[in-house]
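1. Generate coordinates for the sequence data below:
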Amino acid sequence: MLTGEPGTGKTQAAYYAAYKLDLEPVIHFQVKSESTARDLLYQFDMVQYFHDAQFAKTVDNNASALDKYHYVEPCPLWQAFEHSDKTGKPAVLLIDEIDKAPRDFPNDLLHELDKMEFMISELAHDDSRRHIHAAQAIRPLVFITSNSERRLPEPFLRRCVYHHIRFNDAMVEQAVAAHAQKQPELQQFQPELLKLAIRRFLELRDFDALRKKPATGELLVWLRMLALAADMKVEDLDQQLATKDLSTLPYLGVLLKDHQDMEDLGIGRLD
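-> Next comes the predicted model:
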């Protein structure tokens with residue numbers, strides 16, 4: 001279980017671990033507000049099954065001959081089991097932003113993630129194929145991320161190894177350096193000017209009254225905006241960033257996303 005502010009690298013941690021351990025590719029499940037536990041296990045195509053059953057009943061009056069297993073589609077956890085069976089190595093499964101799901105979502109996965117097994121309820125009379133499980137010696141490596149928008153159930157947390165990624169200066173500098181290799185705009189910054197921009201960003205985050213602190217994503221977009229400003233000379237940018245008045249920083253609308261934060265910082269309007 002990885003927690004931390006947006007932009008601290010929680011998602012990338014799973015991809016990095018898969019890369020370092022030679023366990024790629026990552027099986028990525030993006031949690032949504034309507035996600036259910038079933039979405040992680042399997043899907044049963046009920047519509048197609050009833051359509052085919054009706055057709056079979058019409059043709060030869062023998063709908064019971066349909067094999068329900070053919071209407072079952074593996075979802076990420078099952079896919080992780082299958083990946084391990086094929087490769088002989090653990091799969092890396094990422095359950096991303098679990099705090100966005102309904103509260104029942106983590107509770108409904110207690111047994112499945114603990115024991116790495118589940119049952120296909122539609123195959124109640126098919127004992128040979130209804131029990132899906134991971135090989136005991138090759139259990140998937142499961143990364144679960146949370147932005148801590150709400151607290152997860154205690155029984156679920158007890159089954160996790162927990163780590164919190166803190167937002168700090170070094171992490172921000174490393175993130176900018178990594179993105180600078182892929183974004184030519186950021187390479188246009190003189191080193192000292194880039195450090196100054198990052199320092200102003202961190203000072204803005206330290207403003208206690210902010211309701212929504214800007215994260216790494218906002219910083220990277222802001223730096224690109226500064227670099228791409230066609231009408232701004234380098235010396236003008238240096239002068240604007242050198243000011244101690246954070247309310248006069250250029251393009252603050254990229255960093256601040258709350259009108260009350262702007263008012264508290266002393267911004268009357270955005271030019």
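
2. Can you name every helix or strand that the helix or strand bottoming out on mean pLDDT in the chain contacts?
-> Here the helix or strand of the chain ranked lowest by mean pLDDT, DSSP states H and E is helix 234-242, holding a mean of 73. Secondary-structure packing of helix 234-242 (3 or more CB pairs under 8 Å, 6 or more residues apart in numbering; DSSP states H and E): helix 191-205. Using the backbone N, CA and C atoms, a C-beta is placed for each residue, glycine as well.

3. how about Leu113, what does it touch?
-> 77, 142, 159 (CB atoms under 8 Å, 6 or more residues apart in numbering).

4. now with 10 Å?
-> By CB atoms under 10 Å, 6 or more residues apart in numbering, Leu113 lies in contact with 37, 40, 77, 93, 95, 106, 140, 142, 144, 156, 159-160.

5. and stretch 188-208, which residues are buried?
-> By neighbour count on 16 or more other CB atoms under 10 Å, the buried set for stretch 188-208 is 189, 193-194, 196-198, 200-202, 204-205.

6. From the contacts of Leu113, list the buried ones, please.
-> 37, 40, 77, 93, 95, 106, 140, 142, 144, 156.

7. Does the fourth one touch Glu112 like I think?
-> Okay, so that is Leu93. No: shown here, Leu93 and Glu112 do not form a contact pair, counting by CB atoms under 10 Å, at 11.5 Å.

8. which residues do the two both contact?
-> 40, 77.

9. what is the mean pLDDT for the very next helix or strand once past the least confident helix or strand of the chain?
-> Using DSSP states H and E, the next helix or strand after helix 234-242 towards the C-terminus is helix 252-255. Mean pLDDT, computed over helix 252-255, is 91.

10. which parts of helix 252-255 are buried?
-> Buried-residue list, helix 252-255, by 16+ other CB under 10 Å: 252, 254-255.
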